[in-house]
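Asks: Build me a model:
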Amino acid sequence: MGLHAAAPVASLWRRSAAYIVDSLIIGIAYISLAVFLDAVFGRLVEATPDGMALVVVAVNPVRVVLELTATLVIDALYYAGCWSRWGATLAQRALRLRVRMADGTPPKPDAPDRLPIEAACRRWAVLATLPIAVGALATSGALDSSVLLVVNGTWFLVLFISTAADPLRRGFHDRVAGTVVVSAPGGLA
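Replies: Numbering: from 1, shown residues only. Down below sits the predicted model:
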């Protein structure tokens, strides 16, 4: 079965720009979460006496579980929630991108840009679960930050290359979810 996009396929660079902006948006929520957890559990890291490095003060398993769970929920609500509501995140909407089903399923007239929740959740899970889990373990001090850089850098490189190599610019996360990212008319609507 040949897949096709119902609209022009979005460029890799616009998709990447949208992801970077979305990461900055969601980063605000992560910083707020970290400030809250610091207030509840105490500071996680402190500067060395010479001020040249940060060291983990203590690893609290309850904090690690809470932080990982809250981060996963916040991230899923933002990404999968936006895709299932509008077919795009805030940055994707601003850059006129939409996530659609790649099988040619026509959009519903009453909700043309909504992605089915199952597809939105699959797409998000492949895109974000590994980086969030590794990130939460690294920021809690349970995992060395060099492992974070290697694992997450490799994962995003795999997603980028899989997107660049596909004629419809479908990354691994798109193929698992059965989606394609297309250019859409208009901006924030």
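Asks: Run through who's touching the helix or strand of the chain with the lowest mean pLDDT.
Replies: In the chain, no helix or strand scores lower on mean pLDDT, DSSP states H and E than strand 54-56, which sits at a mean of 71. With contacts defined as CB atoms under 8 Å, 6 or more residues apart in numbering, strand 54-56 is touched by 44-48, 140-141. Quick note: C-beta positions are derived from backbone N, CA and C, even for glycine.
Asks: So for this protein, the centremost residue is which one?
Replies: Most central in the chain under CA atoms, centre = their mean is A128, positioned 4.8 Å from the mean C-alpha point.
Asks: quick one: which helix or strand includes it?
Replies: A128 belongs to helix 117-139 when assigned by DSSP states H and E.
Asks: before we move on, the earlier item: so among the contacts of strand 54-56, which ones count as buried?
Replies: Taking 16 or more other CB atoms under 10 Å as the criterion, what is buried in the contacts of strand 54-56 is 44, 140-141.
Asks: Is there a neighbour count for R123? I'd like the number.
Replies: A count of nearby residues for R123, using other CB atoms under 10 Å, gives 24.
Asks: about what we covered before: show me which positions of the helix holding A128 end up buried.
Replies: By neighbour count on 16+ other CB under 10 Å, the buried set for helix 117-139 is 119-128, 131-132, 134-139.
Asks: which residues are contacting that helix?
Replies: Residues from elsewhere that reach helix 117-139, judged by CB under 8 Å, 6+ apart: 34, 44, 64, 67-68, 71-72, 75-76, 79-81, 83-84, 99, 101, 115, 143-145, 147-148, 151-152, 155-156, 159, 172-174, 176-179.
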